[in-house]
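**Student:** coords below, sequence missing:
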């Protein structure tokens with residue numbers, strides 16, 4: 001029996017079931033009449049049904065392919081995380097003999113909004129500026145300086161409460177010089193003792209000045225190349241941000257890689273301003289204290305003494321004067337990233 005393609009779609013399902021039933025029940029082909037009759041049967045399936053079946057097949061194939069790709073991608077991501085964890089484990093310092101070993105927590109780097117911590121990966125970025133503290137009771141710093149370190153030594157030359165060194169310095173330096181001893185500096189922001197006055201012999205005639213420079217050289221193992229005596233008569237006087245000469249002059253850079261300053265008198269801030277970002281770091285300098293910095297700090301940061309805001313200035317005669325002795329020279333120092341972490 002022959003069916004025409006013009007039958008509506010409602011007859012398609014019974015037709016397919018009938019055809020499938022015949023196929024299941026049919027026997028091996030023979031050369032008889034039954035085989036010839038079955039060979040002449042033509043089954044027509046509606047075109048819409050064929051198209052729907054083909055569409056469903058394609059969708060199933062696409063979904064299967066997408067699922068496979070997702071599984072492969074997840075597997076690759078997990079393998080990447082395992083490889084990253086293994087690499088971190090290899091680079092983690094091994095405990096010394098007798099020390100307890102602590103497991104390293106698995107790093108989680110996925111950022112989530114609203115969390116106070118956005119990155120759980122350990123940072124090995126070296127410090128731009130690191131403050132280390134020295135022991136004034138020791139004869140030397142006891143560690144190698146680094147170009148990115150600022151070293152602070154409280155009570156370096158005298159106790160904070162001891163004002164005698166400040167008074168002695170002013171008396172000796174003034175007496176050793178002439179009437180033209182003090183000259184305005186840095187656009188009249190403060191004063192310095194004129195190095196040319198008496199051809200610099202006033203330095204030799206001040207035992208206290210000489211003692212300070214000698215202690216700087218001994219404690220920091222510095223080959224001193226130049227010195228200066230700064231005077232801030234009150235809290236209105238200041239020093240603008242600047243690089244020291246070794247950062248901009250090649251001849252100075254060959255013999256100077258370190259700046260060291262000892263403060264006497266009123267407490268004033270020394271401030272460091274990053275040359276590119278403008279970020280500032282303030283470090284109060286008390287009477288008798290000292291700070292030092294290396295090559296990289298001088299190149300990447302500027303330093304100065306900010307003016308005290310008017311609302312915080314003390315009245316005249318309230319011990320608001322400050323002096324500082326500066327030494328420039330060469331100190332052996334590290335420059336690599338790893339050593340910048342050392343304490």
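**Tutor:** That came in fine, so what should we check first? Computed from a prediction, not measured in an experiment: that's the story for all the values here.

**Student:** quick one: low-confidence ranges for the stretch 1-150 of the chain?
**Tutor:** Counting by pLDDT under 70, the stretch 1-150 of the chain has low-confidence residues at 1-55, 57, 61-62, 86-112.

**Student:** let's see it at 90
**Tutor:** Scanning the stretch 1-150 of the chain with the threshold set as pLDDT under 90 gives 1-120, 124.

**Student:** Now residue 140: closest residue in space, sequence neighbours ignored.
**Tutor:** Taking Cβ to Cβ, 6 or more residues apart in numbering as the measure, residue 140 lies nearest to residue 219, with 5.6 Å between them; neighbours along the chain are not counted. C-beta: built from backbone N, CA, C; applies to glycine.

**Student:** How many residues are close by residue 243?
**Tutor:** In terms of burial, residue 243 registers 17 neighbours under the definition other Cβ atoms under 10 Å.

**Student:** Please name the residues that touch it.
**Tutor:** Residue 243 makes contact with 275, 298, 299, 302, according to Cβ atoms under 8 Å, 6 or more residues apart in numbering.

**Student:** Buried ones among these?
**Tutor:** Buried by 16 or more other Cβ atoms under 10 Å: 298, 299, 302, out of those.

**Student:** what's the closest of those to residue 176?
**Tutor:** Within the set of the buried ones among the contacts of residue 243, residue 298 lies nearest residue 176; the separation is 30.0 Å, counting by Cβ to Cβ.

**Student:** That closest one reaches residue 259, doesn't it?
**Tutor:** Yes - taking contacts as Cβ atoms under 8 Å, residue 298 lies within contact range of residue 259: 6.4 Å.

**Student:** Can you check which residues contact both of the two?
**Tutor:** By Cβ under 8 Å, 6+ apart, residue 298 and residue 259 have these common neighbours: residue 244.

**Student:** the helices in the stretch 201-343 of the chain, which residues?
**Tutor:** 201-204, 207-220, 250-253, 295-300 (DSSP state H, counting those that start in this stretch).

**Student:** Going by neighbour count, which residues of the longest one are buried?
**Tutor:** Put plainly, it is helix 207-220. Per 16+ other Cβ under 10 Å, helix 207-220 contains these buried residues: 208, 209, 212, 213, 215, 216, 217, 219, 220.

**Student:** wait, what's in contact with the closest residue to the fifth one other than its chain neighbours?
**Tutor:** Leaving aside its sequence neighbours, residue 215 sits nearest to residue 157 (Cβ to Cβ, 6+ apart; 6.2 Å). Contacts for residue 157 (Cβ under 8 Å, 6+ apart) come out as 165, 212, 215, 262, 264, 288, 290.

**Student:** run the last query once more with 10 Å
**Tutor:** 136, 165, 208, 211-212, 215-216, 219, 262-264, 287-290, 325 (Cβ atoms under 10 Å, 6 or more residues apart in numbering).

**Student:** Then residue 328?
**Tutor:** Residue 328 sits next to 222, 224-228, 244-246, 252, 255-261, 298 when contact means Cβ under 10 Å, 6+ apart.

**Student:** pLDDT on stretch 275-288, on average?
**Tutor:** This predicted structure assigns stretch 275-288 an average pLDDT of 98.
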